[in-house]
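**Q** Quick one: sequence and predicted model below, then my questions.
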Amino acid sequence: MNAPRRAARPGSSHRASAVARVGISALALALAAGSAALSAVSFRMARTVVTPAGRVPNVRILSLDAAAQTVTLERTDDTALPGRYGLFTTGTADYLRLGSVVKDDGVTVTRKLLTHVPVDGRLAAEAAFSGWYYDHPEQLHLPIREVDVATPVGSCPAWEFPAQTGSDVWVIQVHGRGTTRAETLRAVPLFHRLGITSLVISYRNDGEAPRSATGTYALGATEWQDVDAAIAYAVTHGAQHVILMGWSMGGAMCLQAEALSAHRDVVAALVLESPVVDWHTVLRYQSRVLRLPTPVLGVTERLLGSRWGARLVTGGEAIPLDRLDRVAHADELRHPVLILHSDDDGFVPSDASHALAAARPDLVTMETFEVARHTKLWNYDEARFTRVIEEWIRERGLATDV
């Protein structure tokens, strides 16, 4: 005989279903919140990549010894580097040239000042350590002309350093993201000694040249047109052979110009210092450094690479990240390339540079540094930097000083 069923309490099934609905709703809200957070972080990363930013303090000045002409900084991978560097600050001076390390206790670094600071000098604690070294073209003590390059966004100021004698070989220097043309001044004396005219350019949205319609970077996808305009300027003024030298994102721009320029026939060679060869590699590296959740990278790339995402992030056109991957398009390379990159770059990993060299050993020469940091190869080892470039240029018959 079966036991009689216990009658359900009135409303119990309704309460159970209500609890289930609340649980499902809570889960949905949690998922929605997680998705919203993911989207927000990805949007912020995408926006950061394309937004031109001013110089950001990255180190603290702990003390200044004006009598000994030394400055003590907090120790970082950059401030402890051997060589000569620059320091942007405020107070008695807005820029200081720094010499060798005189003390490193593992926590702080004391460096020699190569810019004189008076005994009563005062410097703000917040500063920016830099590889520039030269911050004004006059410091090179070379003949110089202030010129303008007509580009699709307007007239872009440039510095022209003419060769000692008439030369039909020019080098166009292209600076990186978040900086200005003074970044490239370190290489000008080398090319001047080789009898090559240097054209040091600005480009859209860098703070010196005109803004584009969106005021944001396209990571080389549109900026290369300003490099192309600089090539046209050089040709108009007597160049028959043009070397493109790009630093960091400037390297991406030079690689795009090499592939797309209407003046490809006068491009003779490329010299790339710590270049961005593939943005996927850079974004992946930066997301790891920032310890972002894995899905953030994918969403960030979709935001940058899709029409709808680009409209949200930049208000402009999608950035063709796949097209900017020069390793994937290595078969399109037509000119010899010298890449100088440090495996300890710390910002733009050298992986894609190595990959391009492996894909096109017939055209790409890779000079690998260690210890040196991003765009600081000249600073870390000026003798090697100079020797490698000079020998490579001479081997290709581009030096005109003989």
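**A** All right, it came through fine.
**Q** Can you show me the helices along the stretch 101-250 of the chain?
**A** In the stretch 101-250 of the chain, the helices defined using DSSP state H, counting those that start in this stretch lie at 188-193, 224-236, 249-260.
**Q** Nearest approach to Ala125 belongs to which of the ones you listed?
**A** Of all those, the one in closest proximity to Ala125, counting by CB to CB, is helix 249-260 (29.6 Å). Where C-beta positions appear, they are placed from N, C-alpha and C, glycine not excepted.
**Q** for that closest one, packing partners?
**A** Judged by 3 or more CB pairs under 8 Å, 6 or more residues apart in numbering; DSSP states H and E, helix 249-260 is in contact with strand 169-174, helix 224-236, strand 241-247, strand 267-273.
**Q** and the shortest one, which strands flank it?
**A** Just to be clear, that refers to strand 169-174. When pairing is defined by DSSP bridges, strand 169-174 lines up against strand 197-201 (parallel), strand 241-247 (parallel).
**Q** Make TSV out of those strands and add mean neighbour count, mean pLDDT and distance to Leu98.
**A** Below are those laid out as TSV (neighbours: other CB atoms under 10 Å; pLDDT from 0 to 100; distance: least, CB to CB, whole Å):
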stretch	mean neighbour count	mean pLDDT	distance to Leu98
strand 197-201	27	98	23
strand 241-247	28	98	20
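**Q** Format the ones you listed as JSON lines; extra columns: distance to Arg334.
**A** Putting these into JSON lines (distance: least, CB to CB, whole Å) gives the following:
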{"stretch": "strand 197-201", "distance to Arg334": "21"}
{"stretch": "strand 241-247", "distance to Arg334": "12"}
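**Q** Longest strand of the protein, counting residues only.
**A** Ranked by residue count and defined by DSSP state E, the top strand of the chain is strand 95-104.
**Q** thinking again about what came up before, okay, the helices and strands packed on helix 249-260 in CSV with distance to Leu190 next?
**A** Shown next, in CSV, are those (distance: least, CB to CB, whole Å):
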stretch, distance to Leu190
strand 169-174, 9
helix 224-236, 18
strand 241-247, 10
strand 267-273, 10
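**Q** nearest to Trp392, of the ones you listed?
**A** Trp392 sits nearest to strand 267-273 of all the helices and strands packed on helix 249-260, at 7.6 Å, using CB to CB.
**Q** which residues sit against that closest one?
**A** 169, 171, 187, 231, 241-248, 251, 254-255, 257-258, 261, 335-341, 353, 375, 377-378, 389, 392-393, 396, 398 (CB atoms under 8 Å, 6 or more residues apart in numbering).
**Q** Determine the set of other helices and strands touching the helix or strand that it is followed by.
**A** Past strand 267-273, further along toward the C-terminus, the next helix or strand under DSSP states H and E is helix 279-289. When contacts are defined as 3+ CB pairs under 8 Å, 6+ apart, helix 279-289 packs onto helix 12-50, helix 294-305, helix 351-359.
**Q** Distance from the chain centre to the helix or strand following the shortest one, please.
**A** Elements were assigned by DSSP H and E; along the chain past helix 351-359, the next helix or strand is strand 364-369. Taking CA atoms, centre = their mean, to the nearest Å, the mean C-alpha location of strand 364-369 is offset from the chain mean by 18 Å.
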